[in-house]
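# A structural model of the following input is requested.
(2 chains)
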Amino acid sequence: MNVSWLVAQRELKERIKTRSFIGMAIVGPLLVMLLVYILFSVGENNKPHWNVLIVDPAGIMENKILANTTGSISYDFANNYVQLKDFEKSKRFQKYDALLELNEKIISNKAAFLFYKEKPSFLFATSIQFHLERRLEEVMVGRFSKMSVQEFRGIKQPVSIAFRNLYDPKNESYSLSSWVGFFFGGVILLFILLFGMTILRSVSSEKSNRIVEVLLASVRPRQLMFGKIAGIGIAAILQFVIWTLLIWIGLFILRETLFPNMLHLSNWDLSEITSKTASGMEDSLFRSKAYNDFVELVYSRIQFGDMLVFFLLFFIGGYIFYGTFFAALGATSGSENDGQQFVLPIMALLIIALWAGYYAVQNPLSDLTYILSFVPFTSPMVCMVKLAQGYSLGEGYQIYVSFTILALSSFATLRIAGRLYQNGILQFGHRLRLTQFVTWLKNG
Amino acid sequence: MLQLTSITKSYFQKIAVDDVSLSLNEGEIFGLLGPNGAGKTTLIRIINRIIVPEQGEVRYQGEIMKGRHLAEIGYLPEERGLYKTMTVYDHAMFLGRLRRMSKEEVNRSLNTWLEKFEITSWKNKRIEELSKGMAQKVQFICAVLHEPKLLILDEPFSGFDPVNVELIQNELKSMKKAGKTILLSSHNMKSVEEICDRAALIHQSKKILEGSVLELRENRKDGRFAIKFKGNMLAFTHALWTGFELLEKEELAKDRFIAYVAMRGENNFQDLLKTLIGQIEIEAAWEVLPSMQQIFIETVTSKNI
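You can find the predicted model right below:
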């Protein structure tokens, strides 16, 4: 059996037995699920129920407003003026959370004020605006036309203007999909950092406890380094598979339990429902619209199959590319703590890669994004973003070019790091200096 | 069995091994001696192909040393370690498999060695549960697990108590009897004297001595003889008279001594014994050879001067 594979097997067994591996396999997905839950829950009101007093001295609303089937907002009417100080201090207004002030000019200027005690969420604000707008429609139709409200709503066509950047007509930069790519790229970088540090620690500890010399009598330094990187890499992939499975199960549970209504809404046709269903349902749909895109994105629009395949490829490429630096650093350092200062430049590169991903989300069509997608330091991150955004027709080859460059670069760094590893692994107790790197690189 | 020819290796312009040639015969125990930093470990690493020499070649059984030959070599480095969280069994299995043994072979060999050292109960213990001495036994077992034809031991006795030094020495003797070749680097000169057939002394990167242990000692003898006797020291001195010179004496107990004597004129050991018989009660008498320790110190000191 290949000795590298034996080394890899030992590393793998050692890793998966550690508490940190098991802890990360559980805590990681839980954190992701928590994040998803928080993002989903952003749409819900902070307060479960709002009592709103509508002050309407002109009686324009005729003490009526849309029925609120969700039960999250209750309305009361006051047909006299209410001073704000009274509303704030008077006992009889204590139960109200907000005061909606309507004056007689609302018919002409369509403006009203809402005074709140606790800042309402965006969705509460959009709900109450929706309710007021619908009731005003009824009042206006009654006063100024002979049509019925249903007839008015039948011909009313709200105009929606999508504001788009001239240089980004597809609005890719604000696409939620980009952030999914960013998330996948971020996971790659996170795994590279975590498992890269594991490589560093493992090599350093083999050096400091001197087992390395025993091993080197049977294994070439490059074989040892490759086996180590491979074993820890397989542990990382295993970790990712566990994450994927747990997150997939978690999303399924969320869909079936916590967010069933929300998810079904994503398939509803707003205009059809508007014309014939109860306003409560319409209201609920209106409320959910704001975060519906995210739900739809997670459950329907992401091409998880493609994403996962390329995720794996770019993860392997990126992990080997960066992992070799960590291995070389561990081998060349004089003690376990000595290499820590040289971790900073590698971390800086990873942070640059993260920034590159963010830049790609914001500027998908820029020349810099194009270049960064081919640079091996940043391509694992940028390509994930670009993949999530979708390559244009005829440009799909770019991802293969990026991967080929990354693979070739990984091969090159493997050779360079192998040289450093070979020359540094049996040097003990020294203080690592940059000049030593150069000397060891020269001494093939 | 093993030939090293003109091996040279330097690190950062400092020569670690300078034109060293050695030859090990099959079935012998060869001692590699030298002060710290002399270049012994570098030489051993070169034999094990851990580092590559700038000049010279290593031949194993007549062939240039290749990776495949390493499966026939056992190596116990001076700076040795173990994976602390692994069990003795897992450790042996891992290192045995690296030496291209099958799982069954590792199992069989490990059980034999554990039984030989009467430590079968350690098999499933984690290394961190073992004492230093116990861990060293495990390291030794891992080095010989694959029944190597050539065993290279760098300071194998360091850290062992006298009982375990004896145990390891006996094992090495048995292995020699079984036809194995052993290269032993050690500062423990007593052990070298006891078990090595031949030895070489490395100093300041160069080989300065090589030969059989007996030859090396014989070549440096200075005509001193020791007599262990019961009797009166005055009578002993009188008996020596002018034919012999008393160099040194050790009083072992009341009227029991070891006296070191040099010959004068044409007198020899036989004459000395004849002179002394009847004057004192001789318990033992022998020609004093310099110890390897003395040879080591004298040679190194003279080279330093």
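# Now do the same contact list for residue B:41.
B:77-78, B:154, B:185 (Cβ atoms under 8 Å, 6 or more residues apart in numbering or on different chains). In short, each C-beta sits where N, CA and C put it, glycine included.
# Most neighbours among those residues, please name it.
residue B:77 (27 neighbours; other Cβ atoms under 10 Å in any protein chain shown).
# Give me every residue in the stretch 51-200 of chain B lying close to chain A.
Counting by Cβ under 8 Å from any Cβ of the partner chain, the residues of the stretch 51-200 of chain B lying close to chain A are B:51, B:67, B:70-71, B:73, B:75-77, B:79-86, B:94-95, B:97-99, B:139, B:142-143.
# re the thing from before, min pLDDT across the contacts of residue B:41, which one?
On pLDDT alone, residue B:78 ranks lowest of the contacts of residue B:41, at 79.
# contacting residues for that one?
In this structure, residue B:78 makes contact with B:41, B:154-155, B:158, B:185, judged by Cβ under 8 Å, 6+ apart.
# Can you flag which of these belong to helices?
Filtering these for membership in helices, criterion DSSP state H, returns residue B:41.
# Most widely separated two among the contacts of residue B:78?
Checking the contacts of residue B:78 against each other with Cβ to Cβ, the farthest-apart pair comes out as B:41 and B:158, at 12.8 Å.
# What segments of the chain are strands?
You didn't say which chain, so I picked chain A. In chain order, chain A shows strands spanning A:50-55, A:73-78, A:98-101, A:113-116, with DSSP state E as the criterion.
# hmm, I had chain B in mind actually
B:2-11, B:14-24, B:29-33, B:55-60, B:63-64, B:73-76, B:150-154, B:181-185, B:198-203, B:206-212, B:224-230, B:244-253, B:256-263, B:281-287.
# residues in the stretch 151-300 of chain A within reach of chain B, list them.
Of all the residues in the stretch 151-300 of chain A, those lying near chain B are A:206, A:209-220, going by Cβ under 8 Å from any Cβ.
# Which ones among those map onto helices?
When helices are assigned by DSSP H, the members of those inside them are A:206, A:211-216.
# OK, contacts around the residue of the stretch 51-200 of chain A at minimum distance from chain B?
When you check the stretch 51-200 of chain A against chain B by Cβ to the nearest Cβ, the closest residue turns out to be residue A:198, at 14.4 Å. Taking Cβ under 8 Å, 6+ apart as the contact definition, residue A:198 lies against A:15, A:232, A:235.
# same thing with residue A:406?
A:314, A:317-318, A:321, A:376, A:379-380.
# Quick one: the helices in the stretch 101-250 of chain A, in order.
A:106-109, A:122-144, A:149-155, A:176-208, A:211-216, A:221-253 (DSSP state H, counting those that start in this stretch).
# quick one: is stretch A:6-16 near chain B?
Yes. Counting by Cβ under 8 Å from any Cβ, chain B is contacted by stretch A:6-16 at A:6-7, A:10, A:14.
# re earlier: columns distance to residue A:143 on top of the contacts of residue B:78, output as CSV?
What follows is those, written out as CSV (distance: Cβ to Cβ, whole Å):
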residue, distance to residue A:143
B:41, 102
B:154, 103
B:155, 105
B:158, 104
B:185, 108
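# what's the distance between stretch B:153-160 and the middle of its chain?
Relative to the centre of its chain, stretch B:153-160 is centred 10 Å away, using Cα atoms, centre = their mean, to the nearest Å.
# What are the buried residues along that stretch?
Residues of stretch B:153-160 classed as buried by neighbour count (16 or more other Cβ atoms under 10 Å in any protein chain shown): B:153-157, B:160.
# tell me the two of the residues you listed that are most distant?
B:154 and B:160 (13.8 Å).
# which of the strands of chain B is buried the deepest?
Scoring these by mean neighbour count under mean count of other Cβ atoms under 10 Å in any protein chain shown gives strand B:29-33 as the most buried, with a mean of 26.
# Now do that strand: everything it contacts.
Among residues not part of strand B:29-33, those counted as contacts by Cβ under 8 Å, 6+ apart are B:22, B:24, B:40, B:43-44, B:172, B:176, B:181-187, B:189, B:192, B:195-202, B:213, B:292, B:296.
# what lines up beside that strand in the sheet?
The strands that strand B:29-33 pairs with in its sheet are strand B:181-185 (parallel), strand B:198-203 (parallel) (by DSSP bridges).
# I'd like the average pLDDT over it.
Mean pLDDT, computed over strand B:29-33, is 88.
# which residues touch the most centrally placed residue in chain B?
Nearest to the geometric centre of chain B sits residue B:192, at 3.0 Å (Cα atoms, centre = their mean). With Cβ under 8 Å, 6+ apart as the criterion, the residues that contact residue B:192 are B:31, B:33, B:184, B:186, B:199, B:213, B:292.
# For the fourth one, which phi and psi angles does the backbone take?
Main-chain torsions, residue B:186, degrees, to the nearest 10: phi -160, psi 150.
# State the distance from it to residue B:169.
11 Å (Cβ to Cβ, to the nearest Å).
# Next, count neighbours for the closest residue to residue A:184 other than its chain neighbours.
Spatial nearest neighbour of residue A:184, chain neighbours left out: residue A:384 (4.4 Å); criterion: Cβ to Cβ, 6 or more residues apart in numbering or on different chains. By other Cβ under 10 Å, 31 other residues sit near residue A:384.
# Residue A:384 touches residue A:179, doesn't it?
No. Using Cβ atoms under 8 Å, residue A:384 is not in contact with residue A:179; the gap is 10.8 Å.
# And the contacts of stretch A:314-323?
Stretch A:314-323 is contacted from outside by A:188-189, A:191-192, A:195-196, A:199, A:229, A:232-233, A:236-237, A:240, A:346, A:349-350, A:376-377, A:379-380, A:383-384, A:403, A:406-407, A:409-410, A:413-414, using Cβ under 8 Å, 6+ apart.
# Write a ChimeraX command that selects only the buried members of those.
Those of these that count as buried under 16+ other Cβ under 10 Å are selected in ChimeraX with:
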select /A:188,189,191,192,195,196,199,229,232,233,236,240,346,349,350,376,377,379,380,383,384,403,406,407,409,410,413,414
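# follow-up on the earlier one: residue A:109: which of the contacts of residue A:198 is nearest?
Nearest to residue A:109 among these is residue A:235, at 65.8 Å by Cβ to Cβ.
# if I look at the residue lying closest to that closest one once chain neighbours are set aside, how far off is residue A:193?
On the basis of Cβ to Cβ, 6+ apart, the spatially nearest residue to residue A:235 that is not a chain neighbour turns out to be residue A:15, at 3.8 Å. Here residue A:15 is placed at a distance of 16 Å from residue A:193 (Cβ to Cβ).
# again, but for residue B:76
According to Cβ to Cβ, residue B:76 stands 38 Å off from residue A:193.
# residues touching residue B:115, list them.
Residues in contact with residue B:115, defined by Cβ under 8 Å, 6+ apart, are absent; none qualify.
# what residue ranges in the stretch 151-300 of chain A score low on pLDDT?
Residues of the stretch 151-300 of chain A meeting the criterion pLDDT under 70: A:157-176, A:255-300.
# hmm, I was thinking of the stretch 301-444 of chain A
For the stretch 301-444 of chain A, the stretches with pLDDT under 70 are A:301-304, A:334-339, A:393, A:426-432, A:434, A:437, A:442-444.
# That one: helices as residue ranges?
Counting by DSSP H, counting those that start in this stretch, the stretch 301-444 of chain A forms helices over residues A:304-332, A:340-362, A:367-372, A:379-389, A:397-424, A:434-442, given from the N-terminal end onward.
# related to what we said a few turns ago, considering the buried residues of stretch B:153-160, which is situated nearest to chain A?
Ranked by distance to chain A (Cβ to the nearest Cβ), those are led by residue B:154 at 9.0 Å.
# Just confirm residue B:265 contacts residue B:245, I think it does.
No. Residue B:265 sits out of contact with residue B:245 when judged by Cβ under 8 Å, with a separation of 10.6 Å.
# Leaving out chain neighbours, which residue sits closest to residue B:216?
Taking Cβ to Cβ, 6+ apart as the measure, residue B:216 lies nearest to residue B:295, with 6.0 Å between them; neighbours along the chain are not counted.
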